[in-house]
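Q: Turn this into a model:
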Amino acid sequence: MTCFLTTIRSGARRAPLLLLLLGLLAGTLLSSLPARAGTPDEYLRQAREAQSTGDLQAAERFFLMVPKPGPQGDDGQFVESRMQVARQRFALKDLDGAEAAAREVLAVYPDNAEAGNVAAAVERERLPKWRRYLDDTLRFLPTLLHGSLMTLLLVIFTMAISPFGGLLIALGRISPVKLLSGACWFVIWFFRGTPLLLQLFFIYYGLPALGVTLKPLSAAFLGLGLNYSAYLAEIIRGAIQSIDHGQTEAAKALGMTPWQTMRRVIIPQTYKRLVPPVGNEFIALIKDTALVSTIAMVELMRSADQIFNAYFNVTVLVLAAAIYLCFTSVFTFVFERVEHRLGVYERR
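A: I've put the predicted structure just below:
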C-alpha cells in the first residue's frame, strides 16, 4: 500500500513536466508539417507572418503554395506571391531563383511591368560592374545635365543680381540717414538670421496666403537674390569701411561730392578685397541652389532625387556629386584667376 501511494505521488509530480514535453513535441510536429490546403489569402497571410518573424524559408514556402489563377483569374494573389518570392531571392543574390519567379508571372501575364522590371534587373546584375556603371551613366546623365542647366541659371541670375542688391544695401547701411540705415540693417538682420530654406518656403507657400502667388522659378530667384544680397551687403560694407578715411577727406578737398568719392575713389579700391569672400559666397550658392528643389523646382538635386527614388541606384548620386564638383571647381578657378589679375600691381 505504501509503495502504491509513493508511485502515485511521484507520477503527480511528473505530470506537468510530461504535459510540457508533449506540448513541445506537438508544436514541433505541427510546425514541420506543410500547411493544410487553404485559400490563397490564407497562404499569403501565413507567408507575411513568417516574414515578420524572419523565417524567410517558411515565407517562401507559403508564397509558392498560392496556385496559378484559373480561367476566371484571381484577385492578384498569384502575382503578389511570386513577386514577393522574386524580390526575396533577388535580395539574397539568388538571381536564377528571382528570374524563375518573375518568368512564372510573365508566363501568365506577359505584360506585367513589375515582373518585367525584375527580369531586367536580374539580367543587369549579371553584367560586369564596369558595364553596369557605364549603362547607368549613359541612362541617367542626360536627365542630370538637363537639371544642371536650371542650377546654372539660378547661379548666374543670383550672381548678376545680388552684387547690385548688396551694394545698395551696404550704401544704405553706412548712410548718415538713420531711417535708411535702420531699414537696411533690418534687411541684413532678417535674411542672415533665418535659414534660406525657411525663406524659400515662406515666399512660395506663405505669400499666397497674403494674396501674392509666385511660380517656383520666380520664388527661387527672389529668395536666392534677397538672401545673397544681404550676405554680400555686409561683405561690401566691410570692404568700403576698410579704405582709409584720409582718401575720403582728400576727395572732398578736391571738390568731389560724396557720390563721386564713392564711385571714383572708394569702390574701385574694394574690388580686390571683395573677390575672395564674394567667391566663397558664390561657391556656396552653387550648393544652396539644391534647396529650391523643395519648392517644386526641377534642378540638379531634384532630378537626382527623382531618379534615385525611381531606381534606388546610388550611381545617380555619384554623378550628381561629380557635376556639383565640376561647377565648384570651375568657379573656384575663375575666382582665383580674377584675384590673381587684380593683385598683379600690388605684387610689383
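Q: Need the residues that contact the helix or strand where L200 lies.
A: Using DSSP states H and E, the element containing L200 is helix 196-201. If you take Cβ atoms under 8 Å, 6 or more residues apart in numbering as the criterion, helix 196-201 is touched by F191, A219, A220, G223, L224, L226, N227, D288, L291, V292, T294, I295. From N, CA and C alone the C-beta is placed, and that goes for glycine too.
Q: Now do the contacts for the nearest residue to F331 once chain neighbours are set aside.
A: Excluding the flanking residues, the one nearest F331 by Cβ to Cβ, 6 or more residues apart in numbering is I283, at 5.4 Å. Neighbour list for I283: T328, F331, T332, F335 [criterion: Cβ under 8 Å, 6+ apart].
Q: Name all residues that make contact with the last one.
A: Right, F335. F335 makes contact with V275, P276, V278, G279, F282, I283, according to Cβ under 8 Å, 6+ apart.
Q: which one of those residues is nearest I174?
A: Lowest distance from I174 to the contacts of F335 (Cβ to Cβ) belongs to V278, with 18.0 Å.
Q: got the contact list for that closest one?
A: Counting by Cβ under 8 Å, 6+ apart, the residues that V278 touches are P163, L232, I235, F335.
Q: follow-up on the earlier one: select from the contacts of helix 196-201 every entry located in helices.
A: Within these, residues falling in helices by DSSP state H are F191, A219, A220, G223, L224, L226, N227, D288.
Q: ok, the last one - how many residues close by?
A: The number of residues packed around D288, counting by other Cβ atoms under 10 Å, is 20.
Q: Relative to A121, how far out is the nearest residue to it once chain neighbours are set aside?
A: Nearest residue to D288, sequence neighbours excluded (Cβ to Cβ, 6+ apart): L196, at 5.9 Å. Look at L196 and A121: by Cβ to Cβ, to the nearest Å, they are 38 Å apart.
Q: now swap in K215 and tell me
A: Look at K215 and A121: by Cβ to Cβ, they are 38 Å apart.
Q: cool, T328 as well?
A: Distance, T328 to A121, by Cβ to Cβ: 34 Å.
Q: Please give the element, helix or strand, for the residue nearest to F331.
A: Taking DSSP H and E as the definition, one finds I283 inside helix 267-288.
Q: Buried residues in that helix, which are they?
A: Using 16 or more other Cβ atoms under 10 Å as the test for burial, helix 267-288 gives 267, 270, 272-275, 277-279, 281-283, 285-286, 288.
Q: can you check stretch 172-181 too?
A: Of the residues in stretch 172-181, G172, R173 count as buried by neighbour count, 16+ other Cβ under 10 Å.
Q: Apart from its chain neighbours, what residue comes closest to L145?
A: Using Cβ to Cβ, 6+ apart, the nearest residue to L145 is I323, at 7.5 Å.
Q: what does F63 give?
A: Nearest in space to F63, with sequence neighbours left out and distances taken as Cβ to Cβ, 6+ apart, is S81 at 4.2 Å.
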